[in-house]
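Enquirer: give me a model of this one.
(chains A and B)
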Protein chains: 2
Amino acid sequence: MIDIHRKDTIVAMATAPGTGAIAVIRLSGSNAFGIAGKLFKDHKGRAKDFSDANTHTLHFGMIEDEGKLLDEVLLAIMRGPKSYTGEDVVEISCHGSPYIQQKIMQACLMHGARLAEAGEFTLRAFLNGKMDLSQAEAVADLISADSGAAHELALKQMRGGFSDTIQKLREELIHFASLIELELDFAEEDVEFAGRKELTDTVAKLSDVIEALISSFDIGNVLKQGIPVVIAGEPNVGKSTLMNALLNEERAIVSEIAGTTRDTIEEEIVLSNVKFRFIDTAGIRETNDAIEKIGVEKTYEKIRQSPVILYVFDVSNETQQGLRNKLENLKSHIIPGFRIIPVGNKSEQHEMKKLQEEFSGIEHVIFISAKDKQNLHSISEALSEQVNTGLLKVGNNVVSNVRHHDALKKTQDSLKSVMKGLNSGLSNDFIAQDLRHALHHLGSITGQISSDDLLDNIFSKFCIGK
Amino acid sequence: MIDIHRKDTIVAMATAPGTGAIAVIRLSGSNAFGIAGKLFKDHKGRAKDFSDANTHTLHFGMIEDEGKLLDEVLLAIMRGPKSYTGEDVVEISCHGSPYIQQKIMQACLMHGARLAEAGEFTLRAFLNGKMDLSQAEAVADLISADSGAAHELALKQMRGGFSDTIQKLREELIHFASLIELELDFAEEDVEFAGRKELTDTVAKLSDVIEALISSFDIGNVLKQGIPVVIAGEPNVGKSTLMNALLNEERAIVSEIAGTTRDTIEEEIVLSNVKFRFIDTAGIRETNDAIEKIGVEKTYEKIRQSPVILYVFDVSNETQQGLRNKLENLKSHIIPGFRIIPVGNKSEQHEMKKLQEEFSGIEHVIFISAKDKQNLHSISEALSEQVNTGLLKVGNNVVSNVRHHDALKKTQDSLKSVMKGLNSGLSNDFIAQDLRHALHHLGSITGQISSDDLLDNIFSKFCIGK
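Expert: From the prediction side, this is the model:
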């Protein structure tokens, strides 16, 4: 557990582990300049005092420890509060050998630095008012973002995002609460500082904004985690082969025995800036095999969670009428609004024109050959179309963090109680208490309300060095 | 192949690949500041002109491409010639997500930078006179150094090392050559500008220095590559088990069938700052199995290359007299000066005191249990002792690079011809020619003499970004 009240100097590797041309070691705290001064010599071998060095300057020289040269380095000096953490920060760019990195880290520790905990640099940035809590959380999201949409989402949040919206909501609530508290103070005189109608309107308005934020989570979360795309279909139509073709590697086990795929297999692919999570499933058919039965059950479960389903069929073993019936049946298993893309596989032995005629009554049908990797681009296109036609669109106020979503839901619950109290003419005591709860939950998003436990829980998920 | 005459602006990832808190992208060339200026906005969204920015300054802001925000970054500005390459250099510290790294790299390429070839930054440092060739080569060694000794060796060379010695040798040779050339110019007058005795002394002196450098290669190379330590002994005495115990992992195949290990297996371990290459071998015994016979042959080959041999025997199946005979036999296979450390294995079922009495006539014998990992530290100690008692000592002029070793040997050959010519009163024409060869080979070490092919060969072995 991080002790958030310690002001000592921390050190960590800031760059990815392993060998590179250079690596960066980061020091932050009141003694960062002092430790750097003890280790650093300029190119003429003279010690240097960084206590009066200009901020945002670079210094070329050597790192020595106990008279032994460790490396030639470039030192970056950033004076608090104009630094990432808001404290004095030194970044040491050394040669990127793991041996040197380790030796310089050891030297920093020997001279009084402490190994930083995961996320401790960003925690300090938060504690020193460089960013609010939701922005700090976005830093971790930004580093792990692996698609354009997730990156955009994290970057927006890191630069403020819905913090402003939350801030405004909170101010209105505080104003509102202060009126109620005032009435409490004058309870005996039975005055009303705010009309009940006006108050109800305000709460309703705030509640609407929060509701919009809450429902944005479905999109935000999916953009961050990847949009689930189930690959479904009868046994042996080539679902695993398609998955492999899409991944361009042999991830799923492919065989010609029907029912090979029992566990669902998931793989992520980024197409046009959006991450998709492809889910290969067991074939859907009547079966007596107990294990396979579980697989089919799992398939339906996955189908119910996926906004897009690729329904694969074997063009040689399917008729238009048969396919239509199966698609109708599948539709009964999915949530309205979710889409099914019919994919005719094994088209390599057929003429495309004949196939199109044969299945002309099936909307949006695609013909591919997973085996020969033919026409796979039409799957990417169909998926991109789903995204672009509004299935998923990133607005300005998109919540992608589970903790924020949770806090917003709790805020909403408290606001509903307030509303109920207002409508039923409940005493101000109760209304004031519900308001305080709402304020608490709303404040916890940006960290205006926080606890050591909460901070520890958030920052321990960071990588060390950030 | 690198075109060494191009002065365009190059870009590469400078830090290790993968996810970290931060990553650094490096630009070098005449347009580095221009490209940075096109991508960078300060925290107020204003563009910045770096053409008159102070050198060695840091700038906080954003990277934007086509109006789209990519990341918040810290830009380091280093103005040539005060930079690593000697050119204008910009280092972009961005968030360490592979996605962001890739996007910023792409933006740099879009604005006119070219992807750097392996070693191209260091090649430019060499071409711009920031370091000589042997120093540039030491940069690659420094990054790959994985033991204290190899690190010290590379760092010494990067900071000059024997460059000074080579430089002085070369100056003396040039002086010497100019006298000979002068005599050639005045050939008809038959004057002697330098006494033959004096010349012979100079060449002998230079030759001695070069000989010392050449013989330092054995140490230098071994420190860089690791000291070979052969694990030898009869079949089934536990050689592979010992190897595994030393490595603390199951690398070698262990079984109870004699003759399991047919190929020699090598593993590196760093003990007290020195890297050892442990070599597990096939058991030494009379055999009729053709494949095993090859293994035994290989063992003797390895033994002849290793300065230290761990001779393992089974304490339950060996007598002092038997061991003594076998050690004597082994000694006939090794180079004088090389050491054998007798290691009595399977000591777990015996009393240590009794074992010591039983083999009291065997010098430096060690008793261990590879199976129970007992007393293994005594092996480390014995090996460290070998290093410290002068088997391997790092002086100031240690050659560790094969190319340097080769050039020194060629220089030496040419000097020997010069000497021979002087002694046999050969005409100055021939002596001058041999001298020119010597100068050429000596100059190739530090790069005073170089060719595109040579440079390409050296720098293509670097990592990209250095």
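Enquirer: for chain A, which segments count as strands?
Expert: Using DSSP state E, the strands of chain A run over A:10-13, A:22-28, A:40-42, A:57-65, A:68-78, A:89-95, A:114-115, A:227-233, A:265-271, A:274-280, A:308-314, A:339-345, A:366-367.
Enquirer: which positions in the stretch 51-200 of chain A make contact with chain B?
Expert: Contact residues (Cβ under 8 Å from any Cβ of the partner chain) of the stretch 51-200 of chain A with chain B: A:56-60, A:69-72, A:74, A:76, A:78, A:82, A:91, A:93, A:95-100, A:103, A:121, A:139, A:142-148, A:151, A:155, A:158-159. C-beta coordinates here come from the backbone N, C-alpha and C atoms, glycine included.
Enquirer: try it again with 6 Å
Expert: Contact residues, the stretch 51-200 of chain A versus chain B (Cβ under 6 Å from any Cβ of the partner chain): A:56-58, A:69, A:76, A:95-97, A:99, A:142-143, A:145-146, A:151.
Enquirer: got the angle for the longest helix seen in chain A vs strand A:265-271?
Expert: Scanning chain A for the longest helix, with DSSP state H as the assignment, gives helix A:196-225. Interaxial angle, helix A:196-225 versus strand A:265-271 (axes from the mean of the first three to the mean of the last three Cα atoms, to 10 degrees): 100 degrees.
Enquirer: for the residue lying farthest from the centre of chain A, give me its contacts.
Expert: Seen from the C-alpha centroid of chain A, the residue lying at the greatest distance (Cα atoms, centre = their mean) is residue A:189, 51.8 Å away. Applying Cβ atoms under 6 Å, 6 or more residues apart in numbering or on different chains to residue A:189 gives no contacts.
Enquirer: from residue B:373, how far out is it?
Expert: According to Cβ to Cβ, to the nearest Å, residue A:189 stands 84 Å off from residue B:373.
Enquirer: got the buried residues for stretch A:189-206?
Expert: Neighbour-count burial for stretch A:189-206 flags A:199, A:202-203, A:206 (criterion: 16 or more other Cβ atoms under 10 Å in any protein chain shown).
Enquirer: distance to residue A:368 and pLDDT added to these, as TSV?
Expert: As requested, the buried residues of stretch A:189-206 are exported to TSV (distance: Cβ to Cβ, whole Å; pLDDT from 0 to 100):
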residue	distance to residue A:368	pLDDT
A:199	60	83
A:202	55	86
A:203	54	90
A:206	50	90
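Enquirer: kindly indicate which of those lies nearest chain B.
Expert: residue A:206 (29.7 Å; Cβ to the nearest Cβ).
Enquirer: now that closest one, nearest residue through space, not along the chain?
Expert: With sequence-adjacent residues excluded and distances taken as Cβ to Cβ, 6 or more residues apart in numbering or on different chains, residue A:206 is closest to residue A:169, at 5.6 Å.
Enquirer: pick out the shakiest of the strands of chain A, pLDDT-wise.
Expert: When these are ranked by mean pLDDT, strand A:265-271 comes last with a mean of 75.
Enquirer: which positions in that one come out as buried?
Expert: Buried residues in strand A:265-271, counted by 16+ other Cβ under 10 Å: A:265-267, A:269, A:271.
Enquirer: check the offset of that strand from the chain's centre.
Expert: The chain centre lies 16 Å from the centre of strand A:265-271; the measure is Cα atoms, centre = their mean, to the nearest Å.
Enquirer: now swap in stretch A:189-204 and tell me
Expert: Between the centre of stretch A:189-204 and the centre of its host chain there is 39 Å, according to Cα atoms, centre = their mean.
Enquirer: repeat that for stretch A:349-366.
Expert: From the chain centre to the centre of stretch A:349-366 is a distance of 40 Å (Cα atoms, centre = their mean).
Enquirer: now chain A, which segments are flagged as low pLDDT?
Expert: Within chain A, the set of residues satisfying pLDDT under 70 comprises A:1-5, A:187, A:190-191, A:193-194, A:248-265, A:272, A:283-292, A:294-295, A:337, A:388-396.
Enquirer: quick one on the thing from earlier: and residue B:313, which of the strands of chain A is closest to it?
Expert: Among the strands of chain A, strand A:68-78 comes nearest to residue B:313, with 40.7 Å by Cβ to Cβ.
Enquirer: what's the angle between that closest one and strand A:57-65?
Expert: If you take the same axes, to 10 degrees, strand A:68-78 sits at 150 degrees to strand A:57-65.
Enquirer: list the buried ones in strand A:68-78?
Expert: Neighbour counts over strand A:68-78 (16+ other Cβ under 10 Å) mark A:69-78 as buried.
Enquirer: between those, which is nearest residue B:114?
Expert: Comparing those against residue B:114 with Cβ to Cβ places residue A:74 closest, at 23.6 Å.
Enquirer: isn't the closest one right up against residue A:92?
Expert: No. Residue A:74 is beyond contact range of residue A:92, at 7.8 Å (criterion: Cβ atoms under 6 Å).
Enquirer: now the buried residues of strand A:265-271 as a markdown table including distance to residue A:278?
Expert: Shown next, in a markdown table, are these (distance: Cβ to Cβ, whole Å):
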| residue | distance to residue A:278 |
| --- | --- |
| A:265 | 9 |
| A:266 | 7 |
| A:267 | 5 |
| A:269 | 6 |
| A:271 | 10 |
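Enquirer: would you turn the residues you listed into TSV with distance to chain B?
Expert: As requested, these are arranged in TSV below (distance: Cβ to the nearest Cβ, whole Å):
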residue	distance to chain B
A:265	24
A:266	20
A:267	18
A:269	14
A:271	14
